[in-house]
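# structure for the following, please:
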Amino acid sequence: MRIAIAMAILLVGFGTLSAQNAQPQPLTPAFLLGEDEASYEKLCEQHPRTLLAVSNNDIELALKNWFSFLRSVDQYAKTINFDMKGLKVWLHVFWNADGSVAHIGFFVMPNSRNVKMEELKALFSGFIRQYKPVVTSDRSFSHYTSAAFPLVSERK
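As a prediction, the model looks like this:
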């Protein structure tokens, strides 16, 4: 009887612990994609619009806005002497409605040059703090795509 009660208490305890661990935790401003899927999914729900929608469904304007963002990242990296050459990443950028960046999720591609994840996380975190908004919206929005540095020239 005592063993059955002890087992029941253990099972309830493990169930409670699992439920607590399943709750999404706030993500850091810059985070590695795949680290916390529950929090990432919640963040995606909180930023339902796309950069294309915010750019009036004009693909050329959306590309212009995206390249402007990437140039800002590249310029910031240069100011802190972070070498971006050869870096290839998947980026999921989450903007607040006022155009400020809330979060940057990233994943370094296998064919990228080696870079320390903590240094890249620090780069994106610092960038977020100083970023000047270019695009605003009535709701938060996001964009998910790959990026490679150095940046290729835009088409005129």
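# need the strands for this protein, in chain order.
30-32, 49-50, 88-95, 101-108, 141-148 (DSSP state E).
# can I get these in JSON lines including distance to residue 66?
For glycine as for every other residue, the C-beta is placed from the backbone atoms N, C-alpha and C. Below are those laid out as JSON lines (distance: least, C-beta to C-beta, whole Å):
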{"stretch": "strand 30-32", "distance to residue 66": "18"}
{"stretch": "strand 49-50", "distance to residue 66": "11"}
{"stretch": "strand 88-95", "distance to residue 66": "9"}
{"stretch": "strand 101-108", "distance to residue 66": "13"}
{"stretch": "strand 141-148", "distance to residue 66": "6"}
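# would you convert these into CSV that also reports mean neighbour count, distance to residue 72 and mean pLDDT?
Listed next are the strands of the chain as CSV, based on neighbours: other C-beta atoms under 10 Å; distance: least, C-beta to C-beta, whole Å; pLDDT from 0 to 100:
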stretch, mean neighbour count, distance to residue 72, mean pLDDT
strand 30-32, 19, 15, 96
strand 49-50, 15, 19, 96
strand 88-95, 20, 11, 98
strand 101-108, 21, 10, 98
strand 141-148, 17, 12, 97
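# so which of those gets nearest residue 78?
Among the strands of the chain, strand 141-148 comes nearest to residue 78, with 15.6 Å by C-beta to C-beta.
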